[in-house]
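Undergrad: structure for this input, please:
(2 chains)
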Amino acid sequence: MELKQIKTLLEISHSGEITRRYFVVNGFDGALTMLGLIMGFYVSNHVDLAVVITSCLAAALALGMSGISSAYISEAAERRRTLAELEKAMVTPLNESHHARAAIWIPWLVALVNGIAPLLIALIIIVPLWLARSGMVLALGPLPAAMAVALVIIFLLGVFLGRVGGTFWLWSGLQSLAVALLTVGLIYLVG
Amino acid sequence: MASVQRLVLDVLKPHQPNALEFAHAIAALGEGYRVDIRVVEVDEQTETLQVAIEGDSLDFERISGAISENGASLHSIDEVSVVGK
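TA: Now for the predicted structure:
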């Protein structure tokens, strides 16, 4: 499917906004989950780096699969219902229309975005752990470095949301960062 | 062979694509196609349009295909201008 066709389907089904929302919401989920997991290992002390990497990778994959399946099931049902309502209003089947194609393809697109966002973000957060495992010496140590990457990503997601919503980007970024730091603080207290 | 130079169609379409995008989709079918759309009636999910298309040689099959592809249905052909050659 060409990029132009995808753009047409996104416009016709008003899916650009929901796709963006899914990306941010699930991306935030992915980043915060990784941050929590790594913080958990950090306060546990002396956990083997290989175990940390495997656990984070497993969590990242689970987040990706969860994102894809949950979004596909809900979006496909929603799109089928919308198409059926439209066909009823038009008093004709819309089999050959962009609307019917959107009902088939948009759930896959939304599901992919919903799944790939947390997976990709989680993988980026794990990079310092991989680098440390392969022998690179990091200034902060592997776990704090990974947490720093997670905090930067969460801040950037906040900035992105601020730009989308037309609010002051720094304030929006700091709000997201505050949620992340609160999570870190809670895990520290629990640990 | 005669060529169709003007058509006025009664079309029912969903709100999306909007009238401007719908006009673009039809105008893109051929060089020199001129499309004028008048929204006659707006309902909760649909709108009725009067679509006037002008050109040196209109391809009705392609126009009809573009209407269907955009989720609309052609109710009637209200006016036609055909020039013999």
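Undergrad: from the chain's centroid, how far away is the longest helix seen in chain A?
TA: Using DSSP state H, we find that the single longest helix of chain A is helix A:49-90. The chain centroid and the centroid of helix A:49-90 are separated by 11 Å, computed with CA atoms, centre = their mean, to the nearest Å.
Undergrad: can you give me the mean pLDDT across that helix?
TA: The pLDDT scores in helix A:49-90 average 94.
Undergrad: which SSE is immediately downstream of it?
TA: For helix A:49-90, the succeeding helix or strand toward the C-terminus, using DSSP states H and E, is helix A:98-133.
Undergrad: which elements pack onto that next one?
TA: Counting contacts by 3 or more CB pairs under 8 Å, 6 or more residues apart in numbering or on different chains; DSSP states H and E, helix A:98-133 is packed against helix A:3-12, helix A:15-44, helix A:49-90, helix A:142-165. Just so you know, the C-beta spots here come from the backbone N, C-alpha and C atoms, and that holds for glycine as well.
Undergrad: low-confidence regions, chain A specifically.
TA: For chain A, the stretches flagged by pLDDT under 70 are A:1.
Undergrad: look up how far residue B:28 lies from the most centrally placed residue in it.
TA: With distances taken as CA atoms, centre = their mean, residue A:27 lies nearest the centre of chain A, 2.2 Å away. To residue B:28, residue A:27 is 36 Å away according to CB to CB, to the nearest Å.
Undergrad: identify the residue spatially nearest to residue B:72, adjacent ones excluded.
TA: Leaving aside its chain neighbours, residue B:72 sits nearest to residue B:13 (3.4 Å; criterion: CB to CB, 6 or more residues apart in numbering or on different chains).
Undergrad: what about residue 5, neighbour count?
TA: Since you didn't name a chain, this refers to chain A. 12 (other CB atoms under 10 Å in any protein chain shown).
Undergrad: chain B was what I was after
TA: For residue B:5, the count of nearby residues is 15 (other CB under 10 Å).
Undergrad: contacting residues around it?
TA: Contacts for residue B:5 (CB atoms under 8 Å, 6 or more residues apart in numbering or on different chains) come out as B:54, B:55, B:56, B:57, B:58, B:81, B:82, B:83.
Undergrad: quick revisit: turn the helices and strands packed on helix A:98-133 into TSV, including distance to residue A:105.
TA: Shown next, in TSV, are the helices and strands packed on helix A:98-133 (distance: least, CB to CB, whole Å):
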stretch	distance to residue A:105
helix A:3-12	6
helix A:15-44	10
helix A:49-90	9
helix A:142-165	24
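Undergrad: can you put these in TSV and add distance to chain B?
TA: Shown next, in TSV, are the helices and strands packed on helix A:98-133 (distance: least, CB to the nearest CB, whole Å):
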stretch	distance to chain B
helix A:3-12	5
helix A:15-44	11
helix A:49-90	4
helix A:142-165	21
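Undergrad: helix, strand or coil: sort out the most centrally placed residue in chain B for me.
TA: In chain B, the residue lying closest to the centroid (CA atoms, centre = their mean) is residue B:51, at 4.6 Å. At residue B:51 the chain is in strand, as set by DSSP: H, G, I helix; E, B strand; the rest coil.
Undergrad: hmm, it is touching residue B:9, no?
TA: Yes - assessed by CB atoms under 8 Å, residue B:51 is found in contact with residue B:9 at 4.6 Å.
Undergrad: surely residue B:75 meets residue B:11?
TA: Yes - Residue B:75 lies in contact with residue B:11 (CB under 8 Å); the separation is 6.6 Å.
Undergrad: near chain A, which residues of chain B?
TA: Contacts of chain B with chain A, taken as CB under 8 Å from any CB of the partner chain, map to B:12, B:14, B:16-17, B:21, B:43-46, B:68-71, B:73.
Undergrad: at 10 Å what do you get?
TA: B:12-18, B:21, B:25, B:43-46, B:65, B:67-73 (CB under 10 Å from any CB of the partner chain).
Undergrad: any of these buried? List them.
TA: Buried members of the residues of chain B next to chain A, counted by 16 or more other CB atoms under 10 Å in any protein chain shown: B:12-14, B:16-18, B:25, B:46, B:67-73.
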